[in-house]
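Asker: quick one, fold the following:
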Amino acid sequence: MSRKTLQDDEKNAVCVRYAQTGSLRAVASEYGISPMRVKRLWEALGEQQQQVLRASVEDLRQEVETTIVRLSLIHISEP
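Answerer: Below you'll find the predicted structure:
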């Protein structure tokens, strides 16, 4: 596989996507890079930044879940 040049914003997007999916292969496939490259980009962030991304992803998941539940309750309560 030839090495694809990634801009800084793409590198950040790869790391965010990995935080979302937890899958090296899935992210690698999306961006046309190797799973090892995804792993290296992720590890290059450092533990603190990794934790920040994971927390952000979890917060977003909680917001989405809360919204879905609220919308479901509204739908159920409508005649």
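Asker: need the phi and psi values for residue 47.
Answerer: Residue 47 adopts backbone torsions of phi -60, psi -40, taken as degrees, to the nearest 10.
Asker: any idea how far residue 16 is from it?
Answerer: 16 Å (C-beta to C-beta, to the nearest Å). For glycine as for every other residue, the C-beta is placed from the backbone atoms N, C-alpha and C.
Asker: with neighbour numbers in mind, choose between these two.
Answerer: Neighbours were counted for residue 47 and for residue 16 using other C-beta atoms under 10 Å; residue 16 has more, 14 against 8.
Asker: by contact count, what packs against the helix or strand of the chain with the lowest mean pLDDT?
Answerer: Ranked by mean pLDDT, DSSP states H and E, the weakest helix or strand in the chain is helix 47-77, scoring a mean of 93. In terms of contacts (3 or more C-beta pairs under 8 Å, 6 or more residues apart in numbering; DSSP states H and E), helix 47-77 is packed against helix 8-21.
Asker: helix, strand or coil: sort out residue 3 for me.
Answerer: Secondary structure for residue 3, judged by DSSP: H, G, I helix; E, B strand; the rest coil, is coil.
Asker: all further residue positions should be reported with the first residue as 51.
Answerer: All right, first residue 51 from here; so that's residue 53.
Asker: tell me who's in contact with it.
Answerer: Shown in contact with residue 53 (C-beta atoms under 8 Å, 6 or more residues apart in numbering): no residues.
Asker: pLDDT at it, what is it?
Answerer: pLDDT for residue 53: 78.
Asker: cool, residue 74 as well?
Answerer: Reported pLDDT for residue 74: 98.
Asker: mind listing what's buried in stretch 100-111?
Answerer: Neighbour-count burial for stretch 100-111, counted by 16 or more other C-beta atoms under 10 Å, picks out 103, 107.
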